[in-house]
Every structure is written in C-alpha cells, then in structure tokens.
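[1] Show me the folded form of this:
(5 chains)
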Amino acid sequence: MAYGPDTLAEATLADVDEVDAYLGRHPVTWLNVDGLGDQDVIARLASRFGLHRLAVEDVTHTGQRAKVEEYPENAFLVLAMVNPGPALELEQLSLFLGDGFVVTFQESRGDCFDPVRKRLREGKGRIRVSGPDYLAYALIDLVIDSYFPEIERQGERLDHLENRILDGRPDRRVVADIHEVKRDLLALRRIAWPARDMLSALLRGESPRVAADTKIYLRDVHDHAVQVIDLLETYRELGASLMESYLSSVSNRMNEVVKVLTIISTIFMPLTFIAGVYGMNFDPDASPWNMPELRWWLGYPLVLALMAVVAGCMVLWFWRRGWLRR
Amino acid sequence: MAYGPDTLAEATLADVDEVDAYLGRHPVTWLNVDGLGDQDVIARLASRFGLHRLAVEDVTHTGQRAKVEEYPENAFLVLAMVNPGPALELEQLSLFLGDGFVVTFQESRGDCFDPVRKRLREGKGRIRVSGPDYLAYALIDLVIDSYFPEIERQGERLDHLENRILDGRPDRRVVADIHEVKRDLLALRRIAWPARDMLSALLRGESPRVAADTKIYLRDVHDHAVQVIDLLETYRELGASLMESYLSSVSNRMNEVVKVLTIISTIFMPLTFIAGVYGMNFDPDASPWNMPELRWWLGYPLVLALMAVVAGCMVLWFWRRGWLRR
Amino acid sequence: MAYGPDTLAEATLADVDEVDAYLGRHPVTWLNVDGLGDQDVIARLASRFGLHRLAVEDVTHTGQRAKVEEYPENAFLVLAMVNPGPALELEQLSLFLGDGFVVTFQESRGDCFDPVRKRLREGKGRIRVSGPDYLAYALIDLVIDSYFPEIERQGERLDHLENRILDGRPDRRVVADIHEVKRDLLALRRIAWPARDMLSALLRGESPRVAADTKIYLRDVHDHAVQVIDLLETYRELGASLMESYLSSVSNRMNEVVKVLTIISTIFMPLTFIAGVYGMNFDPDASPWNMPELRWWLGYPLVLALMAVVAGCMVLWFWRRGWLRR
Amino acid sequence: MAYGPDTLAEATLADVDEVDAYLGRHPVTWLNVDGLGDQDVIARLASRFGLHRLAVEDVTHTGQRAKVEEYPENAFLVLAMVNPGPALELEQLSLFLGDGFVVTFQESRGDCFDPVRKRLREGKGRIRVSGPDYLAYALIDLVIDSYFPEIERQGERLDHLENRILDGRPDRRVVADIHEVKRDLLALRRIAWPARDMLSALLRGESPRVAADTKIYLRDVHDHAVQVIDLLETYRELGASLMESYLSSVSNRMNEVVKVLTIISTIFMPLTFIAGVYGMNFDPDASPWNMPELRWWLGYPLVLALMAVVAGCMVLWFWRRGWLRR
Amino acid sequence: MAYGPDTLAEATLADVDEVDAYLGRHPVTWLNVDGLGDQDVIARLASRFGLHRLAVEDVTHTGQRAKVEEYPENAFLVLAMVNPGPALELEQLSLFLGDGFVVTFQESRGDCFDPVRKRLREGKGRIRVSGPDYLAYALIDLVIDSYFPEIERQGERLDHLENRILDGRPDRRVVADIHEVKRDLLALRRIAWPARDMLSALLRGESPRVAADTKIYLRDVHDHAVQVIDLLETYRELGASLMESYLSSVSNRMNEVVKVLTIISTIFMPLTFIAGVYGMNFDPDASPWNMPELRWWLGYPLVLALMAVVAGCMVLWFWRRGWLRR
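    So this is what the prediction gives:
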C-alpha cells in the first residue's frame, strides 16, 4: 500500500521485486508481510530495505519484548498484538520505519489494521498528508487499543467470578478459573510493560524520523499504555482478593459442615448411650441391684423423658453459643 | 460564568455562540459543560476555544487517567471527581486552561464546585482578582478534597468490620464487605496516583499559564493528594490485616467446634461400647464363661461405676490438656 | 522564651501583643503555642510573624503529613510527635522558622521539649550561642527521638506475642493483639516516612535560613529517622511472620484434636460393631445357623479376645504411622 | 585458539609458555582454561596476561555475582553459565578481554561455546574479521542463551504441575515439586539480574575496548537478559498462584471428605438411636407403659417406616443444601 | 599498632597519652579500642584525634545504621560486625579514618581482625606500604566477609528444615525454627543494606582520604556486600516458600487423618445400624410382622452377608474415589 496526499495505490504483491513499482514513487509506502515462513523472501526484503541482521533475526524469532531500536538506516519496533478471540492469543508485530516507507511483519494473516486502511482509502484525517511516522503511530495506536477489549474480557471474567463466589455457591472450577485469569493477566502484563517502555523511549528519543508533531500523538498512545498497565495491576489485585475470598468461603462452608456433624453427634451420642445402657442384659432376677428400672412402672417413659431432657439441654447449649443461627 | 475584579456575569447558555458575549469582555470566563452527549456542541466549542483534537477525544472517552497536557493554545487537564453518595461513583472532569478562560466538562449535572461559585459571587478572597490559573487551582483543590470524605467512609467501614471481627461474632457477609472495601480502595488508588503525578507535573512544568504565585497553592493541593495516597495505602494494609484476622477467627471457631465434637465422642464412644458389650446375648446358661457378670449380685452397679471411671478419666485428660478451658 | 548568648527571658504570655517585648530584643525568640482552639489568636500571630495563609490553614487542620515549605518570609515545618502513654497518641507540631524567631504550635499542653528548655536555661552546649535554625534542629531532634520509645514498646509487644505463640498456648486474643500492633506500626510508618522525606528536603534544600553547620546536625536527625523506618519495617515483617506462626499453630492444634477424635473413633467403632452383632436377637432355637456362637462354651471369651485383637491392630497401625507419638 | 581474518590456529596447550606461540602473532587469541584446580597455572597466566590480583581471586572463588570490572590493562567479566542437564547446575565463567586476546576460565570441561568454535573454524559471519570484543560478545550471547532452555524446562514443569493440580488429582509430591521449581527460579533469578546489570554497565560504559559496532550486538544480548528476567518473574508469580490453587484444592478435598463423613453420620446416628431405643430391655410385662410398641401388631414395620422417614428427611435436607450435588 | 613500609610497633596502651609515642612517628597508626565503658577515655581520645561530637555520640550509642560521614578532620564509618557463635550476635564497629591514623572502637574484646594483624606483622602484600585508607579497606573487608559464615549457617538451617518438611515428618518445632531463621535474616538484612549503601557512598564520594587505588579494592567489598544481600533475599524467599510448604504439609496430614476417620465411620456406621436393628426386642410372637427374620432358617447368615455387601460397596466406592490409594 503506497500513498501520498493525492495518490493511493494498493496491491498484494506476489514477488519482492514488485516493491520497486511503489517505493519512491509515493511519499509513503506501507508494505505489510503476513506470515514469517519464507526465510528467503524476508532476506530479500531485508537487503532491499536495508534492514539490520539483528533486527531481521528478531522478526523471525517471535516472542520478543516490545522495544524500539535505532539503526542508521531505519528504526525498528517490536510490539505484541492481541488477536481478538475467546482465548488470549498474542502475535508479534515487527515494524521498520525508514525514509518514505513502513514495513510491517505479522505472524499470521488477520490483524487489527483495517481502520487505518479505511482512513487511507477514504483519505480522511491527517493520515494521507503525513509522513511514515504518522502511519507508524496510527498502527501502534491500534495495537495498544487492541489490548483493551482483552483486558475488559478479563475484567468481566473477574466480575463473573466475584458473583459466583460472593453471592451464589462457588464450585471447584472457580480456582482453575481464577488461576487462568491470573495467567492471562500475567501474559498481558509481560507485553504491556515493555510496550510502555518502548513508547517512553520513542517520546524521549531524539530520532529524526519521528516529527515533533507526531510525538503529541505518541504521547496519547503512551497514556493509553499506562492506562492498560493501571487496569492490569488493579485486576491482578482484584484477582488476589477474590482468591482470598474464595478460600475463606471454602473455610466457612467447612465450618458449617463440621458444625452440623458436631450438633448431630453431640445430641445423639448421649441418647444412644442411654439406650445402650438399658439394652444391657443384666439379669434383674439375679439381684435387686441389677437394672431394677427395667421393671419399674414408669421406667420406659422416664427414660424417654431423660433422653428428651438431655437432647433439650444440648440444643439449648448450641442455641446459646449461636451455632443454630446461621 | 465570567468575572473580573469588578465584574461578574453568570448565565446558563442555550447555544454555543452565546459564549461570545462573555469571552474577552471579562478578564476570566469559566464555561462549565454538564453532560457529554451532544457531540456537535462539543465540536463547536472545540473550534471556538481552539481545543486540540486528541484532547477533545479524551473529553468524550471518559475513564481517562488524570493527566496534564500542554498544547500550544491551552493546557488540558483530566481528573476524576468522587460524587458524594452511598456507593463509590466516579466522574471525569476535563478542564481546559487558556488565555482568559477555563472550560470544564463534566459527565453529569451535580458537582462539588459550589464553594467556588459562592466565593466568585461574594467576591471574597483572591479568586476574583486572580487569573484563570487560580480558578483552575480552586477547582482542582475541590476535586482532590472530594476524595477525603470517600476515604473516610472506607476507613469507617474498616473500623466497623474490625469491631465485628475482633469483638463480636463475624458472619459470612464480612468477606464480601472486606472485598468490597478493597475494590473501592483499588478504584480510588487508580485515580489518586495519576492525580498526584499530574500535580507533580504541573508543579515541575514550566507552563507560562500557571503563575509562580499559583504554584504555591498547587503545592498545597499536591500535599493533599499525597496524603490521600498515604491514607489509601494504610487502609489497604489494614484491610489485608483484617482479612487475615477474619480467616484466623474462622479457623479458631472451627477448632472450637471440632473440640466439642471430639470431647463428646471421646467420652461417649467407650461408654457406648461397654454398654454394647453387656447387651450381647451370650447365653450364661450354655457355659460359665459366657458373661457371668450378668448374674453377679453387683454386676450392674459395677458396670455403671466402670463407666463413670472411664468418663472421669477422659474428662481429667481433657482438663489437663487445657481443652475444657476456653 | 527569648534568648541570646548572654540573655535569657522566659514568660507565659497572656496576649499576642506581649510578644513585642521579646521579638527583636533577643537574638532568638521561641514562641510556643499550646492548643489550637482560639482562631483569633492564631490569626493575629500569623499577621505579626508574617505567616502564609496556607501554612496557617495547615496548622489548624491537624493530621498533616510532615513537610517543609519555604515561604519568602519564613520556613514552615510540620511534624507529628508521639505522646508518651500506654496507647499510641499522635500530635501535630507546626514550626515556623523565621529571622530571629521560632514559633511552634502544638495541639495540647504536654510535650517532649523539656530537655531543650533545660539546656536553654542552663546555657550549656551550643544552643544559646546558635541561631534559630539550631533551636529548630534541637526541637526536631527531640520529636524524632520521641518515636523510639513507642517503637520499642511495639517491639516488646511483639516479643511478648512471640513467646505466647511459640512457647506457651496462644489464646484467641493473640489475633487482636497482632492486628493492633500492625495498626500502630502502620500509623507510625505513616508519620515516619514523611518525616524522613522532610529531613532529606531540609538537607538538600538551599534554604538561607539553615546554616551549613546546622546541616551536619540535621544529617544526624535524618539518620535517626532512617533508623526509625528500618525498625518499623523489620517489626512489620516480624508481625507478619508471627501471624503466620500463629495460624500454623492453630492448624497444628486442630490437627491434634482431629487425631484424637480419629484414634478414638477408629478403635471403638469396630468394637461397638462386634458387640452390636452379638446383641442381635436371632433365635438360635429356630436354626443351627442362627448365632450358634452365643451358646459356645468359650463364645464370650473368644469375642472379647477378638475385640482385643482388633483394638491392638488399630493401636499398632497408629503407632506405625506415628500418630501416637507427639 | 588464535585467529585473524585469514589465519586460524587451534591447539590444546600443555604448558602456559606455549601461549607465546600464538599471542601477538594473530589479531585475536582466545585462551580457554577448563578447571580451576591448578593455582600455579592460573598465577602464571595472570602474570603473563597482566590480570589484576582481585580479578584472579574472583576467578578462583566461584559463585561470584555477574559483573564487569575495568582494569587499566584489561576488562574482567564474570557470568554464570547454566549447564544443560536434568538438574539446575551453574558454572562460573570468568572472561578477560584485553588487547588482542580473550582469556576465559571455566570450572569444568563441558561448555556451550561450540557454535562459536564452529563459526571460527568455518570463517563464516563477522567473527573472524572482528576484534576480541566481538568474540567476547559471541561468548556472552551463548551464555545468556543457555538460560533459555533451563527456563523453558521450569516452565514445562509448571505446566505439568498445573495440569496435575487443576485437572487430575494432585498428590503430596506437588508441594515438594513446586518448592523445587521456586528454588530453581530463585537461583536463576540470582544470576539473571546481575547479568542484566553487567550488560547495562557494558552498554553504558565508555570502555575503549568495546567498539560502538559491538555495542549494537550487546544491546541485543541485553534485551535477551531482560527477556530472561521477564520470564522468571512471570514463572515465579505462576508458581505462587499454583501453590495457592493447590492449597485450595487440598481444602476442597478436605471439605468433600468431611461432607461425606457428616452425611453418613447424620443419617445413621438417628437411625442407630431409634434401633437402640427398641433394643432396651424394659419389661412389657411389668407395666403397660413399658415399651408396648414391642407387642403391637405393626410395631416393627412402623419403626422401619419411621427410620425410612427420618433418613429421607435428612437426605432431602442435604439435597436442598446442595451437599449431594458435586 | 603503628607501622610504615619498614617499621612496625605494636603495644597495648594503658593510658591515652601513650598514643603520642606512635602517632606521627609512623606513616600509619591503628588504635583499636575494645569496650565502650569508659566515657572519659573516649572523650580524651576524641579531643586528641579531633573526633566530632556527633560521631563520638554514635560510637557510644551502639546499634547505629552503617554509614559514612565526612567531617573536616576525618571520615567516620559505622558498621555492624557479626560475632562468630551459635546464635546471631552483632557488634558495632566505629572507625575513624584520619591523616596517618585509623581509630576503631568495638563493643567487646574478640574480633575478626586477626588476618590483618598477621599481614601487618609479616609485612606481606600491599598493606604495609599503603596508607590508612588501605588499612580501613582491609578492616571493612573482614567485617563484610564475617557476614558470610552467618548467612551460610542460616542457609544450612533452611536446608535442614527443608529436609524435615519435605522428606520426613515435620514436628511442631518447625514453625518456631522457621520464624527464628526469618528473624535472623531480617536482622542481617537490617545491617547489610546500610553497609552496601555506605560502600556505595564511599565509592561515589570524592573523599580526598580514599585513594583511587583503594577504590578498586572497595569496589570488591561493595560486590561482596551486594552478594550478601542477594543471598539474604534468596533465603528469605526460600523461608517463605518453606513456611508455605509446611502449612500445606499440615493440611495434607489433616486431610489424611480426616480421611481415615471418614472411611472407618462410613464403613462401620451402617453395619452398626444393621446390627442395631436386629438387636431390637420386637416380639415375634405378638405379630407375624414383628421381625420374622429372627426366626428364619438363614436369618443370621443373610444379615452377615448383607453387612459384608454393604462394607464391600463402601470400600469399592472409596477405592474408586482414590481415597484408599495414598
């Protein structure tokens, strides 16, 4: 994709050499490479655009930290994009900013750059009249903004977990879910902090390739990156607090269960004991001392009454200790 | 609201153009916009006051971090206000400080600026004789001061929770309450730290729009922001300590419950066993070895005595282990 | 209290105007105001000594962070003092250091400045021959030193708690006590950190009011403040470690209790079952298969032997698992 | 191993003096010493290469922090290498970078420098045409890259543990395994942080021995070191989160066990009690009040029905409390 | 002890004035004062060597933070030494470094300076030909190195605890032991951090009393101090991880105990209930519905078989839940 204030050309290139048809003929040329599989193509692009060997290595070894590196011929930026989807999926974006061109490398086809393409095609806003640094800003802006939906998704998962823990009855999946949220937040943090550092470096840097005008816009992206980090830290603390709440809810339910066990045992054990005593087979005929109660006129009702009294005392005692109140 | 040392005019404007009647005719004009719904009005204000596109974007995308941005035409400040009420409710205040005017945007109608309005109307203090930077200071001061009642409310909730946990009998709501306090404190922290950074930037900044005189006042606001953060950190640690105390109180009560269960079981199980033995139906007629105790003269009293001895030993043992003492 | 190398005058003033009798006539005048109730007196003092409006506000709104503020006319210091007593009690000291005078404001009557008063009266040491900056140093030194007894008291409470937890049998008050120590340490930390920052600012500052000579002494106070913070952090970590130890001791005792329950249940349940079996009323007359054991010659002794064997096996099993050893 | 753009010589030396045959005759000489046992050899090397006494001491006292020290004659670097293998094994690499030579000391024979040796032998890339600083860079690069497989191994162990904890049934080895991973991560962290600091110092340093060109490469190594640290911190947090998940899974299983106990006890205790009551031996002949139920026509079926009702109520109650649902 | 390149004199002084016999006659005089009891001696030494009042105060008020203070006449260093022994014991070393002399104050007699004394007596190495700054370095080096055996001792204690917790059966002393290790590590940390800061200050400082040459050596000591801190932090984290492991092992054992209880109860409760049912005394003569089983031909064997089936089902159920496998 090459463009100038008045011109715009867009094409999918089949071969590296076709680049010549655009490079230099338009004020700004944007070459976007999807997929890093073909080492040969990358090597030829590197020699054509004057990309440094170390930078090209970083392009192909994905999973780099976000960073900006100034080479004599161009500036090299690495950044992680968040692909939209149900699971957290990261992709490395490598961006070379040179005189009159921007070259971007992505791991796979889909990206979040459609708004920029649309603005380029429609020629609205500053983008067509600005240099490649503004294009780079616009791309970085979209990358950083791609973090927000993911963070919001994590925030909603935390909200959902919070409801499950505090209001309803948490099940065992909660632990795995909290752990997963934590892991995703850690992964996001691992890309957000370097992204912020990279933007600080860009802002502080005296790079001749970034116009002062564009820096005002980069400052805005930097603010967004800081906001991302703020949110991540807040969510991490919320996650830790949720885990604590969950553990305490587990303890509480255990307490409740044990309390039920204790109440039942404490009431029925003495009763069973009393029943056991009068189930003994001592022979009342052998001695007047041997269980004369068995032949009393009111023996059985009296024993039942004794049991009722014992049970009543126990219940009363539990009541006064507050165990029967929820 | 426009004013000078000797003049004061106040009106609710129906249309953007009415601003011209005030702007420039008074030394200071303060335009306060309630509600961000009408994009058209905001766009016309932006062009009239020379507000930067990025700044206007930040006005409408609420939830921004507190920050100060210097543009050639004016300075742009974002800050979160705490609305009074039973639940923590945040609102974004956007403030443009230009030559001779202050424009503020709020999300909704109610605000905490009445003291400033009153001072303006009454003409007391420095506010009427000072420039727009002093008005901006006065507004920021009120915003920061609006954090204190909310923090105090959280502190009182923590005190209340502390009493419930340490003195009385904590119920299960305690966990949810602590979690809620933590979440509110995190939210406050997320607005207080950037507010402090913003004030530091204002103090350090060489902005020509803030007079050295006003900086002494801003230093005071900065101290308040630092105090807010101190309080928040202290309350967060208190909250964590309370959670620990609660968990340990849950453990303690569990311990108590299990102890009761153990004491009851340990006393009655041997007794029930003894009763069970003498409830066996071995036939004393079949053999002299078969439960001759059943026909002893003192069989029953002896067994009851044995039971009493066993129970007594158990109780003694528990006493010596300190389980019966609370 | 006003003094010079050779002169010393001391009086309790009834009215603000009496200050004139001392101010200017002695090289150094120290005015100490106990109690902040009378707004009128403070306002008159402020105008007489040229105290800034914001500083005076800070004097009356107690609970300020420790800080130093340079005004054209004087320097303003705020610091928290620890009042001696059984409970942690803080008091704000506001100190104005001007040309030839020191004005201090306290919330209540008692203070820790008697050593300075004594040195002034006795004319020993450097204090009478030095300027107001040295007096300010001497006062700050006493304030910082007032933190140490309080910190030591917390350290002793921690030692005491440690003994209760690790050696004896901790009771339930322990949690509340640890929580209280933590709260006090947090409160102390909230005053100690700003105090250190204030002293750093004084040391770094280029204030013409603090002589280079006095800075050597202030460096010493600064070291004390750092020592206070070191102690506080150490005690906080000790407190956290104690809480952990306590929780684990609770778990251990629970373990012990549950073990007793399990041992007793596991021994007596099978025995009671055996007794129950032979307590069944199957009629040996109805069939030779119906409990012929009841009429065996050695039926009863054999069952008792079986019970002994079962119990012995259980005990042996517990022994081998190490449950019977403490 | 000595080499220049066009020359390459490689030999295993038997004696220190043989070094002279290479030193100075080739642009770069690399002397690699395996094993630190022979103090005499090291002393002779030190004097020949002009190594500082303190540096030589650090060579023999292994377990040093990674650092770089500039001496007038040469630069001294210490770094920890990770030996490949099933357990974490660290080895100290000491590297002297002088004019025209690199001397490396290792604790034992095996190392990770074969790729450099191969590139030297094949004469590919920049290594043969560059100075000793590039050789040093290449060695450091390999050392830092040797951390990655170890970190990945720890990451896989954590993944494995995560599966065991969250999906399957964790056994008791899990705690020991998590503890071991934590210990290994701590050990790696203890070598990775100083390595990063060392590389920062090399980058910032104005050492004349490191060409500006080589610094671009060192920056790349520095980025790798930062990535190592990022990974370590992430894994540490994951480990902590796993431990929490494990503890909560233990609590959960305990809860489940206690629930089973409670359900069984709560159902059978009342039933056993009822059976016990009708096992009492009160004599129905002695009084019409004495257990007339025993002679009722439907006495036994009614009691069985009562038991069924009691058990059914209990089960219903448990069902409504959600205890029977998993 | 006074010495120069060619001279060495060593004596135990009885009186302060005897110092004159050495001071100034040798290039370097080292005066070591054991014990701080005699205020008079210290005061006389202070006046003879020109020691500042504040520094002398710090000498006698032991427990100071490590620090270095530059006075016009000399440099004053404070440092904590670790005395060898079974328990952690700290001692304050105060060191004055002046022109041609080093004065050290210790709290008690024993110290770790014998290696320096030996090197002085034997005249080996640089120590006799260097100035007092090198002597000070040598002493500081020994002090910092005295931390290592203590840290190693704590490391061994942690290893020992680790074995007890993870392999064998931890007893209750473990908690107290971990707490003690933590306390000792905290105490060491409280002396190690200031020591490092002091050494940084010495290295950064532009003190004319420390030769550039000596700074190379001080850098080495600084590295050792940093290593001490690294080790301390690592051990602290290991200690925290051990505590967690211990708590989880307690939970695990509790789990095991409760599982045994549950298995036994769940098997025997239904059996006991069945036995209880057939122990009821319903009269089979009164009605054909009353326990006809008692007179069945195979009643007893059938009941025993029922019991076996019930127990078998329970065991099978436990087996399938994995409770019987360890």
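
[2] and the gap between the residue nearest to A:Gly155 when sequence neighbours are not counted and chain C?
    Among residues not flanking A:Gly155 along the chain, A:Tyr235 sits closest, at 5.9 Å (C-beta to C-beta, 6 or more residues apart in numbering or on different chains). To be clear about C-beta, it is placed using only N, CA and C from the backbone, and glycine gets the same treatment. As for A:Tyr235, its distance to chain C is 25 Å (criterion: C-beta to the nearest C-beta, to the nearest Å).

[3] I'd assumed A:Tyr235 was in a strand, is it?
    No: assessed with DSSP: H, G, I helix; E, B strand; the rest coil, A:Tyr235 is helix; it does not lie in a strand.

[4] so how many other residues sit close to it?
    Neighbour count of A:Tyr235, defined by other C-beta atoms under 10 Å in any protein chain shown: 24.

[5] Likewise for A:Val78?
    24.

[6] can you check A:Arg190 too?
    The number of residues packed near A:Arg190 is 18, by other C-beta under 10 Å.

[7] So it sits against D:Glu237, correct?
    No: assessed by C-beta atoms under 8 Å, A:Arg190 is found out of contact with D:Glu237, at 10.0 Å.

[8] Phi, psi for the closest residue to chain D within chain A please.
    Closest approach between chain A and chain D, counting by C-beta to the nearest C-beta: A:Ala275, at 3.2 Å. Torsion angles at A:Ala275 (phi, psi; degrees, to the nearest 10) stand at phi -60, psi -40.

[9] host element of the closest residue in space to it that isn't next to it in sequence?
    Of all residues not flanking A:Ala275 in the chain, D:Gly276 sits nearest, at 3.2 Å (C-beta to C-beta, 6+ apart). Assigned by DSSP states H and E, D:Gly276 belongs to helix D:212-277.

[10] what's that helix packed up against?
    If you count contacts as 3 or more C-beta pairs under 8 Å, 6 or more residues apart in numbering or on different chains; DSSP states H and E, helix D:212-277 packs onto helix A:53-60, helix A:173-204, helix A:212-277, helix D:132-145, helix D:147-166, helix D:173-204, helix D:299-321, helix E:212-277.

[11] Show me the residue of chain A that gets nearest to chain C, please.
    A:Gly279 (6.8 Å).

[12] Look up how far chain B lies from that residue.
    A:Gly279 sits 4 Å away from chain B, going by C-beta to the nearest C-beta.

[13] do A:Leu166 as well
    For A:Leu166, the distance to chain B (C-beta to the nearest C-beta) stands at 4 Å.

[14] Can you read off the pLDDT for the residue lying closest to that residue once chain neighbours are set aside?
    Sequence neighbours aside, B:Ala176 is the residue nearest to A:Leu166 in space, at 4.5 Å (criterion: C-beta to C-beta, 6+ apart). B:Ala176 is assigned a predicted lDDT (pLDDT) of 85.

[15] B:Ala176 against A:Glu244, yeah?
    No: applying C-beta under 8 Å as the test, B:Ala176 and A:Glu244 come out as separate, 11.8 Å apart.

[16] Pick out whichever of the two has more residues nearby.
    A:Glu244 (21 against 16).

[17] Pull the number of nearby residues for the nearest residue to that one once chain neighbours are set aside.
    If the residues on either side of it in the chain are set aside, A:Glu244 comes closest to B:Met243, at 5.8 Å by C-beta to C-beta, 6+ apart. If you count neighbours by other C-beta under 10 Å, B:Met243 ends up with 23.

[18] Can you read off the pLDDT for B:Met243?
    Confidence at B:Met243, expressed as pLDDT, is 86.

[19] got the contact list for it?
    Contact analysis of B:Met243 by C-beta atoms under 8 Å, 6 or more residues apart in numbering or on different chains lists A:244, A:248, B:175, B:178.

[20] any idea how far the residue of chain A closest to chain C lies from chain E?
    Taken as C-beta to the nearest C-beta, the span from A:Gly279 to chain E is 7 Å.

[21] One more: A:His52?
    35 Å.

[22] Quick check: phi and psi at that residue.
    For A:His52, the backbone dihedrals (degrees, to the nearest 10) come out as phi -70, psi 150.

[23] Now do the same contact list for it.
    Counting by C-beta under 8 Å, 6+ apart, A:His52 has contacts A:69, A:71, A:73, A:76, D:216.

[24] Please flag which of these sit within strands.
    Under the assignment DSSP state E, the contacts of A:His52 contribute A:69, A:76 to strands.

[25] Of the contacts of A:His52 - the most surrounded one?
    Per-residue neighbour counts (other C-beta under 10 Å) across those peak at A:Phe76, which has 23 neighbours.

[26] my read: that one touches A:Ser94, true?
    Yes: with contacts counted by C-beta under 8 Å, A:Phe76 reaches A:Ser94, the gap being 7.3 Å.

[27] Now the common contact residues for those two.
    What both A:Phe76 and A:Ser94 touch, as defined by C-beta under 8 Å, 6+ apart, is the set A:55, A:58.

[28] just to revisit the earlier point, what's the separation between the residue nearest to A:Leu166 and chain E?
    Distance, B:Ala176 to chain E, using C-beta to the nearest C-beta: 25 Å.

[29] got a list of contacts for stretch A:275-282?
    A:290-291, A:293-294, A:303, A:307, B:271-272, B:275-276, B:278-281, B:291, B:293-294, B:299-300, B:303-304, C:279, D:273, D:276-277, D:279-282, E:279.

[30] Of the residues you listed, grab the buried ones for ChimeraX.
    Those of those that count as buried under 16 or more other C-beta atoms under 10 Å in any protein chain shown are selected in ChimeraX with:
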select /A:290,291,293,294,303,307 /B:271,272,275,276,278,279,280,281,291,293,294,299,300,303,304 /C:279 /D:273,276,277,279,280,281,282 /E:279
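
[31] all strands of the stretch 1-150 of chain A, in order?
    Listed in chain order, the strands of the stretch 1-150 of chain A (DSSP state E, counting those that start in this stretch) span A:2-3, A:8-9, A:28-34, A:67-70, A:75-83, A:89-98, A:101-106.

[32] what's the angle between the helix holding D:Gly276 and helix A:212-277?
    Relative orientation of helix D:212-277 versus helix A:212-277 (axes from the mean of the first three to the mean of the last three C-alpha atoms, to 10 degrees): 20 degrees.

[33] Of all the strands of the stretch 1-150 of chain A, which one is nearest B:Tyr137?
    With distances scored as C-beta to C-beta, the stretch of these nearest to B:Tyr137 is strand A:67-70 (37.4 Å).

[34] Using CSV, write out every CA atom in that closest one.
    Extracted C-alpha coordinates of strand A:67-70, given in CSV (Å, rounded to 0.1, in the frame of the first residue of the first chain):
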residue,chain,number,x,y,z
LYS,A,67,11.3,-2.4,22.0
VAL,A,68,12.5,0.3,19.7
GLU,A,69,15.9,0.2,18.2
GLU,A,70,17.5,2.9,16.1
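
[35] What parts of chain A come near chain E?
    Contacts of chain A with chain E, taken as C-beta under 8 Å from any C-beta of the partner chain, map to A:Gly279.

[36] what mean pLDDT does stretch A:78-96 have?
    In this model, stretch A:78-96 has a mean pLDDT of 86.

[37] Now that stretch: buried residues?
    Residues A:78-83, A:88, A:90-96 are the ones in stretch A:78-96 that count as buried (16+ other C-beta under 10 Å).

[38] export the residues you listed to a markdown table and tack on distance to C:Ser47?
    Shown next, in a markdown table, are these (distance: C-beta to C-beta, whole Å):
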| residue | distance to C:Ser47 |
| --- | --- |
| A:Val78 | 63 |
| A:Leu79 | 60 |
| A:Ala80 | 62 |
| A:Met81 | 64 |
| A:Val82 | 62 |
| A:Asn83 | 68 |
| A:Leu88 | 64 |
| A:Leu90 | 65 |
| A:Glu91 | 68 |
| A:Gln92 | 67 |
| A:Leu93 | 65 |
| A:Ser94 | 67 |
| A:Leu95 | 64 |
| A:Phe96 | 67 |
